[in-house]
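Enquirer: Structure for the following, please:
(one chain, ligands or ions: 1)
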Amino acid sequence: MDRVLHWAKQTYDEYNQARSIPNSGVRFEEHLRFCIDPDDSASVLQFVDEWQRVDGANCGVACADAYLVTLPVIDVPVFMTRLKKQVADSLADFVIREIASPTELFPEFDLVVNCTGVGAHHFADDSDVFPIRSQVLRVSRPAGLHRSTRIYRKDDDFTLVLPRTNDVILGGTTQEGDWDRRVRQTDSTAILQRCGEVVPEIREAEILGAFEYSPMSEPTSAE
Ligand SMILES: Cc1cc2nc3c(=O)[nH]c(=O)nc-3n(C[C@H](O)[C@H](O)[C@H](O)COP(=O)(O)OP(=O)(O)OC[C@H]3O[C@@H](n4cnc5c(N)ncnc54)[C@H](O)[C@@H]3O)c2cc1C
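Expert: Below you'll find the predicted structure:
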């Protein structure tokens, strides 16, 4: 946990600096977190600038803990474009290619940094790396909705309403060991139901799409 806190603080400080850069894709918004069961997420509150405890019962949610905290929200396409340009400006080349195994890279390169995410299960033959399938929905953003809301419940799917610049992400599922990347209607219905209970305005929102969240560019078949 100490290592995670250290990473979290570094990340927070980095985004705190990035927010003042024009068009950085980083802005700060309120986030409301209801912990139905106790969890250790509150430990990050020790280094954020703005937060306050909330009485969940006043919001109609019986919970062990609840708080409102101001956190960075990243507009990923904007932020990544800027990062990519920084790397390109340092004369790096970008090559997109699927690599079957690390041995393919030697002796061509002296140093390889393996950041294949869940792909390391196959790429590095590492069975300790496994997927946690997360399906999300994308809906239109109701006027005036900026604050994100998260419901934490032990051993349960996470419920998340995350407004972005032009839409809202509704989450989600946490299905351990599930490689299936096809959208499931039963999951979409359950996500909409759970999110609508905590943020009623999204019930009227237009559904823009459902996807099994993964940063990997090419869909892979179910295993
Ligand atoms: C629903 C959901 C919501 C999330 N929301 C947030 C959030 O709000 N904030 C947050 O910080 N994190 C969030 N995360 C977590 C975040 O997405 C991951 O932690 C992050 O993407 C991991 O980054 P990574 O670079 O380690 O791996 P990845 O982003 O998975 O990148 C790995 C890359 O390696 C490539 N690759 C893999 N194998 C090969 C191969 N053999 N050859 C070539 N290329 C290969 C893949 O195509 C991919 O591009 C969320 C995750 C989920 C599922």
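Enquirer: In this protein, where's the longest helix?
Expert: Taking DSSP state H as the criterion, the chain has its longest helix at helix 2-18.
Enquirer: For that one, buried residues please.
Expert: Buried residues in helix 2-18, defined by neighbour count with 16 or more other C-beta atoms under 10 Å: 15, 18. Any C-beta I mention is one placed from the backbone N, CA and C, and that applies to glycine too.
Enquirer: now the strands for this protein?
Expert: Ranges of strands within the chain are 26-35, 51-53, 65-74, 132-133, 135-140, 148-152, 159-163, 167-171, 175-176, 207-212, based on DSSP state E.
Enquirer: Paired strands for the fifth one, with orientation please.
Expert: In this case it means strand 135-140. Sheet pairing here is set by DSSP bridges, and for strand 135-140 it gives strand 167-171 (antiparallel), strand 207-212 (antiparallel).
Enquirer: and if you look at the first one?
Expert: When pairing is defined by DSSP bridges, strand 26-35 lines up against strand 65-74 (antiparallel), strand 148-152 (parallel).
Enquirer: The last one relative to strand 159-163, how many degrees between them?
Expert: By that I understand strand 148-152. For strand 148-152 against strand 159-163, the angle by axes from the mean of the first three to the mean of the last three C-alpha atoms, to 10 degrees is 170 degrees.
Enquirer: The first one too?
Expert: Between strand 65-74 and strand 159-163, the angle formed by their directions is 40 degrees, by the same axes, to 10 degrees.
Enquirer: which residues are in contact with strand 65-74?
Expert: Contacts to strand 65-74, defined as C-beta atoms under 8 Å, 6 or more residues apart in numbering, come from residues 12, 15-16, 18-19, 25-35, 38-39, 42, 45, 48-56, 59, 148, 162, 164.
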